[in-house]
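S.K.: using only what follows, build the 3D model:
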Amino acid sequence: MNDLTPARLRELKRDAALRPYDLAAQLGLSEAALVEAELGHGATRIDPTPGRLIPAVQALGEVMALTRNRSCVIEKIGTYNDFHDGDHAAMTLDAEIDLRIFPRHWVHAFAVQADTPSGTRRSVQVFDAAGAAVHKVHLRETSDLAAWDWLRTDLALPDQHGLSDYAPAPAPEGARIAPDRAEALRAEWAAMTDTHQFNTLVRRLKMNRLGAYRLVGAPWARPLAAAASDAMFRALLAQGQQVMLFVGNMGCIQIHSGPVQSLKPMGPWLNVMDARFNLHLRADHVAEVWAVEKPTKRGPALSVEAFDAAGELIWQCFGRRPEKGGDAEGWAALVASLPGVEVPA
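M.R.: Numbering: from 1, shown residues only. The predicted structure follows:
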């Protein structure tokens, strides 16, 4: 790997037919290392602090926001509005760019400008300590280029040459279960009044999301067949259901609120290609799907959630509240119709 100098990495990127994510995996590098190789050649190392970065991104106007995990990519066109900063969690609450941000994972960031045969491409790219992508912003034709120049200058960090020492990527946690606390889990689950209480509940009981789903049992969690993932998206398209679809990673969760208006399978990928919302899902990565009910003051919050073979969350889908255009009865019927896990005779 010693021959992979920044100059060599730039050459490999120019010649590669692969996406940067796949090229980095092939080379055994983090994706951030490929971007960092472009320092002085179109990339600028910038301050990743959301409290500085997001207001600068808002000034760009309309952009495309992208968040991904290993199995799913969500893309939304819009403007970063209604930003709320915080040390432990921050958010944007725009109808299109709806994000939950966890600042401790925003460790490296770059403003990237690249000339391509189709024109100049400009993006802001944020990575975690291991160099895995947390969130990206891609400028569009209508984006404010004066604000882009200001962002690259004002947020630039002093060191524009040194290479980062990326931490090892953390191993997937898998399902964490505490069987001796099953009764406590069921009792506290039944007493929930808000979905946001769930994470605190499972942490206190020394479990995680998937572990709690496997342990709690009916009526709160029902295992579905892996095929329920595709079935749900096809039902959303057919019925025009208004949903909230969450896709993210440890550092950022991005939310689509509204319908799914197109589905285009391509090989292992299931793609939504709507006008201002795209989703790219590796359907073959879906190993476990759950229908989950959590009690709230407004009534039950019903979700469908997909996990990969390592137990990592891929996506979550909730029905929208009626005052936001949702159909609670229709969503409940859709979830009830999804194929369950076949129990051997």
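S.K.: within the sheet, what are the partner strands of the host helix or strand of L281, with directions?
M.R.: In this assignment (DSSP states H and E), L281 forms part of strand 277-282. Strand 277-282 pairs in its sheet with strand 72-78 (antiparallel), strand 269-273 (antiparallel), by DSSP bridges.
S.K.: tell me which of those sits most buried.
M.R.: strand 72-78 (a mean of 21; mean count of other Cβ atoms under 10 Å). C-beta here means a position set from N, CA and C on the backbone, and glycine is covered the same way.
S.K.: can you list contacts of it?
M.R.: Residues outside strand 72-78 that contact it (Cβ atoms under 8 Å, 6 or more residues apart in numbering): 62-68, 94-98, 140, 245, 247, 254, 256, 275-282, 314-315.
S.K.: let's see it at 7 Å
M.R.: 62, 64-67, 94, 96-97, 247, 254, 256, 276-282, 314-315 (Cβ atoms under 7 Å, 6 or more residues apart in numbering).
S.K.: if we can go back for a sec, could you look up the next helix or strand downstream of the strand holding L281?
M.R.: Trace forward from strand 277-282 with DSSP H and E and the next one is strand 288-294.
S.K.: got the CA positions of that following strand in PDB?
M.R.: What follows is strand 288-294 as a C-alpha-only set of coordinates in PDB (Å, rounded to 0.1, in the frame of the first residue of the first chain):
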ATOM      1  CA  GLU A 288     -34.100  -9.100   8.600                       C
ATOM      2  CA  VAL A 289     -37.300  -7.000   8.600                       C
ATOM      3  CA  TRP A 290     -39.500  -6.100  11.600                       C
ATOM      4  CA  ALA A 291     -42.900  -4.600  12.100                       C
ATOM      5  CA  VAL A 292     -42.600  -2.600  15.300                       C
ATOM      6  CA  GLU A 293     -45.300  -0.900  17.400                       C
ATOM      7  CA  LYS A 294     -44.400   1.700  20.100                       C
END
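S.K.: the closest residue to P179 other than its chain neighbours: what's it in contact with?
M.R.: Excluding the flanking residues, the one nearest P179 by Cβ to Cβ, 6 or more residues apart in numbering is L215, at 6.7 Å. Neighbouring residues of L215 by Cβ under 7 Å, 6+ apart: I177, P179, A182, L185.
S.K.: coming back round to it: show residues contacting the strand holding L281.
M.R.: Contacts of strand 277-282 (Cβ under 7 Å, 6+ apart): S71, C72, V73, I74, E75, K76, H256, P268, W269, L270, N271, V272.
S.K.: cool, stretch 112-120 as well?
M.R.: With Cβ under 7 Å, 6+ apart as the test, stretch 112-120 has contacts from V35, E38, G42, A43, R121, R122, S123, Q125.
S.K.: out of the contacts of strand 72-78, which are buried?
M.R.: 62, 64-67, 94, 96-97, 247, 254, 256, 277-282, 314-315 (16 or more other Cβ atoms under 10 Å).
S.K.: and the contacts of L215, which are buried?
M.R.: I177, A182, L185.
S.K.: the last one touches A212, doesn't it?
M.R.: So that's L185. Yes: at 6.1 Å, L185 counts as touching A212 under the criterion of Cβ atoms under 7 Å.
S.K.: how about stretch 118-133, which residues are buried there?
M.R.: R122, S123, V124, Q125, V126, F127, D128, A129, A130, G131, A132, A133.
S.K.: next: stretch 109-119.
M.R.: A109, F110, A111, V112, Q113.
S.K.: ok so, going back, will you turn the contacts of strand 277-282 into CSV that also has distance to A171?
M.R.: Compiled in CSV, the contacts of strand 277-282 are given as follows (distance: Cβ to Cβ, whole Å):
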residue, distance to A171
S71, 16
C72, 20
V73, 22
I74, 24
E75, 28
K76, 30
H256, 29
P268, 24
W269, 26
L270, 27
N271, 29
V272, 30
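S.K.: how about the strands in the stretch 101-250 of the chain?
M.R.: 108-116, 119-127, 133-139, 221-224, 243-248 (DSSP state E, counting those that start in this stretch).
S.K.: do a quick rundown of the helices in the chain.
M.R.: 6-15, 20-27, 31-36, 50-58, 145-154, 182-190, 197-204, 209-216, 228-239, 328-337 (DSSP state H).
S.K.: sweet, I'm off.
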